[in-house]
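# just to be clear, the model below is a prediction. Sequence and coordinates:
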Amino acid sequence: MATDTTPRVTAEPPPSNRRRSSRPLARFLLSRLLQMLVTLAVLIPLTFLLFRAVPGDPAAAVVGPDMDPAVADQLREQYGLDQPLPQQFLSYCLALLQGDLGTSFQYKVPVVDVLADRLVNSAVLVVPAVLLAVALGVALGAFAATSSRRFDEGVRTSAFVIKASPIFWVSTLALTLFGLTLGWVPSLGMFSPGEGGDGLTRFLSLDFLHHLALPLTILVLYYLVEPTLTMRTSMKEVLDQEFIELGRAQGLPRRRIVYRHGARNAALPVVTLAPALVDNIIGGQVIVETVFSWPGMGRGVVEAVNNYDYPMMQGIFLLTAVTVIVVNAVIDVAYAYLDPRVRLA
Amino acid sequence: MSATIATVGWQAAQRLWRTPGAKLALIGFGLFVLVALIGPWIAPYDPFARLQLANGEPARSVPPSLEHPFGTTSYGRDVLSQVIWGTRRTLVVGFVGALVTVVIGVNVGLVAGFAGGRTDALLMRITDSAYALPFLPFAIVLVGILGRSDVVLLLAIATLFWRTTARVVRAQVLSLKQRPFVRAAVVGGARPRRVLYRHIAPNVVSLAMLYGLFLVTEAVIAEASLSFLGLAPPDSISWGTIMFDAFTSTELNTTWWWAFFPGLAIMLFVLCMSLLGRAYESAQAHRWESRQP
């Protein structure tokens, strides 16, 4: 970065350039799609083998425990568990394509039906948290990079300490203080008993927002660290570059240089953070959902393990991984679209 | 080869001690290791014993005091003794996890960078896939299938965390490959394996150690997270399991210290490791800078 002294052109390139650069984008899109397929080609057999590695009778993972032997045999046949492994894998893939993830042992309904609800519940917590964290992180990082040394040092030290604090510790203590001791926020679930309902409007109720406040705050705090630090470093680098000096020489107001010219360019690396933060984001979600009894996918997978509900475990695992893979691909493509240097590299 | 690596390691340690800011981190680190080693002998109470007050009443939820610096649990167990005992499991998982992971990562990186071509492409696509799997759900599911044991936990750590080391080492090898001493070895007729492990490998050791330090932290957090979710082997004691007991007791509003101190121990350990990582980085930066491609 430091050796890159060519001034960046912020103006739109002429149309002829544009047409030429759309082909690398198409190629990038294709190669990214291919990479996605490779990842899926690793993930799906891995999951298949994993769930056939259950100790004891491998059929137990699909058919369920404590079942009448006659019924178990029948189900085993129905699921093709008496067939050789390659054939099983084939029918496994076919079932996946049809969205058939088996029946949950705990709930006695198709896993897919439970998953849809869980996915929505996780999304209403995690998506706002990520968006808020990125927006706040970009602002805070840009501000820290350009403000007084003391403020900058303060931001860095806080980020350092927050990063070192395990999220289950922070959320447990926050729940104890604000939920149990002070009683400012409800301590479990998404809704008070009797509240809620079916439509998406339930996520606009005050009762929901009241339940959301604390878990959301903790997730934002936890997700905030990396975008802030990245933005701060990136901003310092950008402000050293020639086009900023040019702006200064032209006599543009400082605020305009920093935010219009500097921050816009510095924010790009924050977008590429996403794939590196998968563990952070999903890990934080699993922990916070568990601490606050939030009925999402993270809490779901822990419950599934405690109840030996193998189809549910598999469903949540696959859905989480596929979501991550798809979101990462979309972000990469969006980044390549925003920054032509990526696709030309 | 091991002699070379030991020499490099010893020189690195000496250099680290002279780096400003490293002493505090090293002392803290040494204290944690000491507690892990001799914990059972210095713990004031049996961590599993239900203690009694002087008047014979059970010592339930006693707040931090001189007698119980970290307080007692709602079952009347001494939190300080539990934290001291828990240090061992936390650190053992951290170090063994980091060691296994670094060994895998370094070897994948060495082979991918050195072999190039299809081998490289294949290994790097696998590395990409490892990035796509979120660790915690993967570890939870692995424990759910294979059972609650340390081996399964280490397996989960080793399966995913090698990815960063592999990428960094590969990049380093790519640039080392172009350097005169490696070319000289190749021209001199050394076999590829010898070039790789005798001439290239010693030069990635210091970088691998830095990632090893980071990995200790990651492994410790991984162990603590799983234990906090109640997925530790039964009867094991670590900072995470203490927090699990505290959280599931539903007594936290009266016994906050039960969750506070084990978490504080984790935080201090992680802070200590990242300070150490920073110091190590600045002590070793001269080695890497000249070798960046």
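Sure thing, it's come through.
# just give me the residue right at the centre of chain A.
A:Ile281 (4.9 Å; CA atoms, centre = their mean).
# wait, doesn't that one sit right on A:Tyr223?
Yes: using CB atoms under 8 Å, A:Ile281 is in contact with A:Tyr223, at 6.5 Å. No exception for glycine: its C-beta is placed from N, CA and C like everyone else's.
# so for those two, which residues contact both of them?
Here A:Ile281 and A:Tyr223 have A:Val130 as joint contacts, going by CB atoms under 8 Å, 6 or more residues apart in numbering or on different chains.
# and the contacts of the helix or strand harbouring the residue nearest to the centre of chain A?
Following DSSP states H and E, one finds A:Ile281 within helix A:278-291. The contact list for helix A:278-291 (CB under 8 Å, 6+ apart) reads A:122, A:125-126, A:130, A:167-168, A:171-172, A:175, A:215, A:218-219, A:222-223, A:226, A:294-299, A:301-302, A:320, A:324, A:328, B:131-132, B:134-137, B:140, B:225, B:228-229, B:247.
# closest residue of the stretch 151-293 of chain B to chain A?
Residue nearest to chain A within the stretch 151-293 of chain B: B:Gly263 (3.1 Å; CB to the nearest CB).
# excluding chain neighbours, what is closest to that residue?
Distances taken as CB to CB, 6 or more residues apart in numbering or on different chains place A:Trp169 nearest to B:Gly263, at 3.1 Å, with adjacent residues excluded.
# show me where the stretch 1-150 of chain B dips below the pLDDT cut-off.
Applying pLDDT under 70 to the stretch 1-150 of chain B picks out residues B:1-5, B:8.
# near chain A, which residues of it?
B:125-126, B:128-129, B:131-138, B:140-147 (CB under 8 Å from any CB of the partner chain).
# residues in contact with the residue of the stretch 151-293 of chain B closest to chain A?
A:165-166, A:168-170, A:172-173, B:239, B:243.
# what's the helix or strand for it?
Using DSSP H and E, B:Gly263 falls in helix B:257-289.
# just the buried positions in that helix, please.
By 16 or more other CB atoms under 10 Å in any protein chain shown, the buried positions in helix B:257-289 come out as B:257-267, B:269-280, B:283-284, B:288.
# just give the nearest non-adjacent residue to B:Leu51, would you?
B:Ala59 (4.2 Å).
# contact partners for that neighbour?
So B:Ala59 contacts B:50-53, B:68, B:72, B:76 (CB under 8 Å, 6+ apart).
# now, the contacts of B:Gly263 that are in helices?
A:168-170, A:172-173, B:239, B:243 (DSSP state H).
# put the alpha carbons of stretch A:172-192 into PDB.
Presented in PDB, the C-alpha positions along stretch A:172-192 are these (Å, rounded to 0.1, in the frame of the first residue of the first chain):
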ATOM      1  CA  THR A 172     -23.200 -13.000  30.900                       C
ATOM      2  CA  LEU A 173     -22.200 -10.000  33.000                       C
ATOM      3  CA  ALA A 174     -24.400  -7.600  31.000                       C
ATOM      4  CA  LEU A 175     -27.300  -9.900  31.400                       C
ATOM      5  CA  THR A 176     -26.700 -10.200  35.100                       C
ATOM      6  CA  LEU A 177     -26.400  -6.400  35.500                       C
ATOM      7  CA  PHE A 178     -29.000  -5.000  33.200                       C
ATOM      8  CA  GLY A 179     -31.400  -7.900  33.000                       C
ATOM      9  CA  LEU A 180     -31.400  -9.600  36.400                       C
ATOM     10  CA  THR A 181     -30.200  -6.900  38.800                       C
ATOM     11  CA  LEU A 182     -31.400  -3.600  37.400                       C
ATOM     12  CA  GLY A 183     -34.300  -5.100  35.500                       C
ATOM     13  CA  TRP A 184     -33.900  -2.600  32.600                       C
ATOM     14  CA  VAL A 185     -34.300  -5.200  29.900                       C
ATOM     15  CA  PRO A 186     -36.000  -8.600  29.800                       C
ATOM     16  CA  SER A 187     -33.500 -11.400  30.300                       C
ATOM     17  CA  LEU A 188     -34.700 -14.000  27.800                       C
ATOM     18  CA  GLY A 189     -36.300 -14.700  24.500                       C
ATOM     19  CA  MET A 190     -37.500 -12.400  21.700                       C
ATOM     20  CA  PHE A 191     -41.000 -11.600  23.000                       C
ATOM     21  CA  SER A 192     -42.800 -11.400  26.400                       C
END
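# which residues touch that stretch?
By CB under 8 Å, 6+ apart, stretch A:172-192 touches A:121, A:196, A:202, A:205, A:207-208, A:210-214, A:217-218, A:291-295, B:243, B:246-247, B:252-253, B:256, B:259-260, B:263.
# follow-up on the earlier one: name the residues of the helix or strand following the helix holding A:Ile281 that come out as buried.
Sequence order places helix A:297-306 as the next helix or strand after helix A:278-291, per DSSP H and E. Across helix A:297-306, burial judged by 16+ other CB under 10 Å covers A:297-305.
# now do helix A:297-306: which elements does it pack against?
Judged by 3 or more CB pairs under 8 Å, 6 or more residues apart in numbering or on different chains; DSSP states H and E, the packing partners of helix A:297-306 are helix A:111-146, helix A:278-291, helix A:310-338, helix B:135-146.
# that one to helix A:111-146, inter-axis angle?
Interaxial angle, helix A:297-306 versus helix A:111-146 (axes from the mean of the first three to the mean of the last three CA atoms, to 10 degrees): 130 degrees.
# quick revisit: of all the ones in helices among the contacts of B:Gly263, which comes closest to A:Ala142?
When the ones in helices among the contacts of B:Gly263 are ranked by distance to A:Ala142 (CB to CB), A:Val170 comes first, at 25.5 Å.
# the bottom helix or strand of chain A by mean pLDDT?
helix A:60-63 (a mean of 61; mean pLDDT, DSSP states H and E).
# for A:Tyr223, see how far away A:Asp279 is.
As defined by CB to CB, to the nearest Å, A:Asp279 lies at a distance of 12 Å from A:Tyr223.
# more neighbours: those two, which one.
Neighbour count, other CB atoms under 10 Å in any protein chain shown: between A:Asp279 and A:Tyr223, A:Tyr223 has more, with 25 against 21.
# excluding chain neighbours, what is closest to that one?
A:Tyr223 sits nearest to A:Ala133 (CB to CB, 6+ apart), 3.6 Å away.
# quick one: the one you found and A:Pro227 touch, right?
Yes: between A:Ala133 and A:Pro227 there is a contact at 6.1 Å, judged by CB under 8 Å.
# gap between the nearest residue to B:Pro234 once chain neighbours are set aside and A:Gln314?
In space, and not counting its chain neighbours, B:Pro234 is closest to B:Arg148: 6.8 Å by CB to CB, 6+ apart. To A:Gln314, B:Arg148 is 19 Å away according to CB to CB.
# next one: A:Ala129
For A:Ala129 relative to A:Gln314 (CB to CB), the value is 26 Å.
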